[in-house]
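Asker: No letters, just coordinates:
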């Protein structure tokens, strides 16, 4: 894959790589709305990574994407409190789109495992069966 050369040990670049992979998936499907959304995400996350890595101010031309991320973080904070969990940004390393069920499951797994351990996560899955998530 063309993103394999990104320095993914640095979480900022890891997130850029994930966004590029999501963009590529939308391109393969020829989903023009998804392509636009993911292109905005790639641009915004890249600019944020460059700013935090170098300290050089970069233009955030697609503020829509930045606003979406802010809204997503607020949503995740609220959502996790429903399960008595605290939010940490690293829980979104696989993406923060809460409209995707697999991302909600992944974030819950990270948060529960991090805060309460593997056994608590197994209990949670047993109890909820992800039916009400």
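Answerer: Nice, I can see it. Model, not experiment: these values are computed from the prediction.
Asker: Enumerate every residue touching the most centrally placed residue in the chain.
Answerer: In the chain, the centroid-proximal residue (C-alpha atoms, centre = their mean) is residue 95; its distance is 1.9 Å. Shown in contact with residue 95 (C-beta atoms under 8 Å, 6 or more residues apart in numbering): 18, 22, 103. (Glycine included, C-beta is placed from N, CA and C.)
Asker: Return the list of helices and strands in contact with the helix or strand hosting the last one.
Answerer: For residue 103, the element it lies in under DSSP states H and E is helix 101-116. Helices and strands in packing contact with helix 101-116 are listed as helix 63-81, helix 118-128; criterion 3 or more C-beta pairs under 8 Å, 6 or more residues apart in numbering; DSSP states H and E.
Asker: List the buried residues for stretch 19-28?
Answerer: 19-20, 22-24, 26 (16 or more other C-beta atoms under 10 Å).
Asker: List the ones among those residues that fall in helices.
Answerer: Residues of the buried residues of stretch 19-28 located in helices (DSSP state H): 19-20, 22-24, 26.
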